[in-house]
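[1] A predicted structure for the sequence below; I have some questions about it.
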Amino acid sequence: NEDQMCMFQSWYISCDMHYSLVAPLVVYCLWQSPLAGMFLLGLILTLAALVPFLITYIGRYDGVLRVYMSLLVDPGQVDYYRNVYIKSHNRAVPYVVGMSAAYIYTRLKGTGYKLTVNQVGVGSIVAAIVALTSMMAAWIFYIPGRPYHPLENALYSPLHRLGWASAMSWIIVAAGLTGFGILEPILSMKSLVPLSRLTYSTFLVHGLVQLYSVATLRVPEYMSFPKLFWMWLGDVTASFILALVLHLLVEAPVTSLFKLIQPKRKVIKEG
C-alpha cells in the first residue's frame, strides 16, 4: 500500500530494515575471509547498480525524481515515486558504498595508515567535483521539451547515487584517518553533537515543514537564488526546532525507557 503511507518519507525505514538483514551476512564473510567478503561486496554493488539501470531503461522512467507540484500534493500517486524511488532494490547503492567505506576505514585504521596532505587535497577536490556533478547534472531532466533518452536516464539513475555516496564516504574516511587540517576544528566542533542527535527526528518532521510551506501558497512565486537560500535556511531552522520538540517528548524518553528495561552487561576485567 505504497499509496497510503502515513508519512511519505517512511520508505527509508523499510529500506533500512531490508539492508540491515543483509549486512550481517556480508560482515560475517568479511570477517571469515576478507577476499571473499570484498568479492561479495563488489558483486552486491554491481547488482545494486544494475537493477535500477534495467528498471529505468525497460520501464522508460526518469533517471531522477522530479519535484513537481503533483509530487508535493500526493507523493503516493506519482508512478515513479511509488514504483521506483522508494523501492529498496533501487536504493541499495549508497548503503553498499557505505559498508565498503566502513570496511576500508577499519582496515586502514588498524594499520595506522595516514593520508598525505597531497592525497587529502586531491581526493577532496575530486570528491567535491563528483558530488556536485552527481547532483547538479539532474537539471537537464527539467529542461522543457527536451527529448527523452532511455540510456541517459538509466545511467543517471544508479550513478548519481554512487557518486554522491562515494564523495561522502571519502569525507568520513579521510577525516577519520588524517583529518582536513585547518577545517578540522570546524568539522569536529563539539557544539554540533547535539544537532547530530536530532538528525533522525529532523528527518521525520522536515517533510511537514516543506509540505506546509507549499500547501499554503495561493499564487505562483518566482524563485531566485537568494530566495531559495532564504527558504532553505528557514526550512532547516524550523525542522530542527520541531525535531527538538519531538526528541524531548518522544525519542529521548523512549530511549531512556529501553535503557532501563535492558539488562546491564557485566564487564569482566582480565587479571
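    Arrived safely.
[2] next one: phi and psi at Val64?
    Dihedral angles phi and psi of Val64 (degrees, to the nearest 10) take the values phi -150, psi 150.
[3] kindly report the same for Leu198.
    phi -100, psi 0.
[4] and for Pro144?
    Torsion angles, degrees, to the nearest 10, at Pro144: phi -60, psi 140.
[5] equivalent analysis for Val130, please.
    phi -60, psi -40.
[6] if I pick it, what's in contact with it?
    Going by Cβ atoms under 8 Å, 6 or more residues apart in numbering, Val130 touches Gly163, Trp164, Ser166, Ala167. Glycine gets a C-beta too; all of them are placed from N, C-alpha and C.
[7] and it, how far is that from Ser33?
    Using Cβ to Cβ, to the nearest Å, Val130 is found at 31 Å from Ser33.
[8] so where's the stretch 1-150 of the chain uncertain?
    When residues are selected by pLDDT under 70, those of the stretch 1-150 of the chain lie in 1-4.
[9] sorry, back to before: closest one to Leu217 out of the contacts of Val130, please.
    Distance to Leu217, by Cβ to Cβ, is smallest for Trp164 among the contacts of Val130, at 29.5 Å.
[10] hmm, Asn118 and Gly181 touching each other?
    No - counting by Cβ atoms under 8 Å, Gly181 stays clear of Asn118, with 11.9 Å between them.
[11] now Pro263: phi and psi?
    Main-chain torsions, Pro263, degrees, to the nearest 10: phi -70, psi 140.
[12] now swap in Ser33 and tell me
    As for Ser33, its main-chain torsions (degrees, to the nearest 10) stand at phi -150, psi 100.
[13] count of neighbours near it?
    If you count neighbours by other Cβ atoms under 10 Å, Ser33 ends up with 12.
[14] and Pro24, what helix or strand is that in?
    Here Pro24 sits within helix 11-32, counting by DSSP states H and E.
[15] packing partners for that helix?
    If contacts are counted by 3 or more Cβ pairs under 8 Å, 6 or more residues apart in numbering; DSSP states H and E, helix 11-32 sits against helix 34-59, helix 92-111.
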